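Participant: Give me coordinates for this.
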Amino acid sequence: MITIRRSKERGGGDFGWLNSHFTFSFDQYHDPRFMGFRSLRVINEDWVQGGHGFPMHPHRDMEIITYVLEGALEHKDSMGNGSIIRPGDGQRMSAGTGVRHSEANSSKTDPAHLLQIWILPDHKGHEPGYEQKAFPEAEKRGKLRLIASPDGKDGSVTIHQDAKLYASLLKPGQEVKHELGKGRYAWLQAAKGAVELNGQSLSQGDGAAVSEEQRLVVKGTEDAEVLLFDLA
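Facilitator: Predicted structure coming up:
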């Protein structure tokens with residue numbers, strides 16, 4: 001079964017310096033039908049204007065993944081980490097017992113476009129941690145590149161949850177396939193462009209919850225970038 005969450009149905013809005021769209025309930029946007037999917041709790045699509053960002057704020061007991069689509073984001077946190085996150089990077093912050101962080105557009109003029117993803121951890125109280133790796137475009141072009149996993153397989157960043165996150169870049173007509181194990185679920189997020197998922201059309205910003213499906217076929221119908229979550 002595939003249930004599509006259309007981009008236009010998401011929460012959020014335009015706050016001037018920030019244009020944000022919430023796939024699931026977040027902050028003051030609450031929809032009891034969309035509180036998350038399995039361990040996937042948040043997918044926020046953000047456009048941050050140049051010279052702006054999210055000031056230092058706290059989190060705890062959450063696996064936070066930042067995936068930049070365009071521009072660059074400057075990260076700082078209370079663990080002493082500081083970095084620039086660019087398209088192609090996989091960045092993971094385990095909030096664990098508590099951490100403070102800020103994310104700001106590293107450009108004073110150009111907007112930054114990103115997805116902020118929250119995944120519930122397997123249990124509370126993990127030690128806070130940070131990890132960032134670059135995943136070249138060639139590794140995602142026409143294939144599913146594992147970028148986050150519970151065991152760091154294939155050089156992915158490590159998360160405290162039985163979940164795997166793949167990224168793929170597809171040209172029109174290109175397709176990738178993914179086999180779901182017994183009792184597994186999936187979420188596909190169309191980050192850019194348009195694709196078909198098992199024959200169903202998704203455009204930029206659309207997401208799809210997948211259950212009771214064994215095989216997924218994702219086909220580009222225009223130049224596209226997708227994120228695929230394989231979830232317990």
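Participant: Please make it C-alpha for all contacts and neighbour counts, starting now.
Facilitator: Noted.
Participant: Show me what the helix or strand bottoming out on mean pLDDT in the chain is packed against.
Facilitator: Sorting the helices and strands of the chain by mean pLDDT, DSSP states H and E puts strand 53-59 at the bottom, at a mean of 91. Strand 53-59 sits against strand 99-105, with contacts defined as 3 or more C-alpha pairs under 8 Å, 6 or more residues apart in numbering; DSSP states H and E.
Participant: Return the residues in contact with residue 78.
Facilitator: Residues counted as contacts of residue 78 (C-alpha atoms under 8 Å, 6 or more residues apart in numbering) are 99, 100, 101.
Participant: filter the residues you listed to the buried ones?
Facilitator: Among the contacts of residue 78, those buried by neighbour count (16 or more other C-alpha atoms under 10 Å) are 99, 101.
Participant: Now do the one helix or strand residue 20 maps to: everything it contacts.
Facilitator: Applying DSSP states H and E as the criterion places residue 20 in strand 18-22. Residues outside strand 18-22 that contact it (C-alpha under 8 Å, 6+ apart) are 10-14, 42-49.
Participant: what comes up buried for it?
Facilitator: For strand 18-22, by 16+ other C-alpha under 10 Å, it's 18, 20, 21, 22.
Participant: same thing with stretch 53-65?
Facilitator: Residues of stretch 53-65 classed as buried under the neighbour-count rule (16+ other C-alpha under 10 Å) are 53, 59, 60, 61, 62, 63, 64, 65.
Participant: Closest one of those to residue 124?
Facilitator: residue 61 (5.5 Å; C-alpha to C-alpha).
Participant: In contact with that closest one: list those residues for me.
Facilitator: For residue 61, the contact set (C-alpha under 8 Å, 6+ apart) comprises 94, 95, 96, 97, 98, 120, 121, 123, 124, 125, 126.
Participant: Mind putting the residues you listed into TSV with distance to residue 36?
Facilitator: As requested, the contacts of residue 61 are arranged in TSV below (distance: C-alpha to C-alpha, whole Å):
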residue	distance to residue 36
94	18
95	18
96	19
97	22
98	22
120	10
121	14
123	17
124	18
125	21
126	21
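Participant: which of those has the most neighbours?
Facilitator: If you count neighbours using other C-alpha atoms under 10 Å, the busiest of these is residue 94, which has 26 neighbours.
Participant: Tell me which residue is most central in the chain.
Facilitator: Taking C-alpha atoms, centre = their mean, the centroid of the chain lies closest to residue 117, which sits 4.3 Å from it.
Participant: which stretches of this structure have low pLDDT?
Facilitator: By pLDDT under 70, the chain has no low-scoring segment.
Participant: if we can go back for a sec, any idea which of the contacts of residue 61 is the one closest to residue 192?
Facilitator: residue 120 (24.9 Å).
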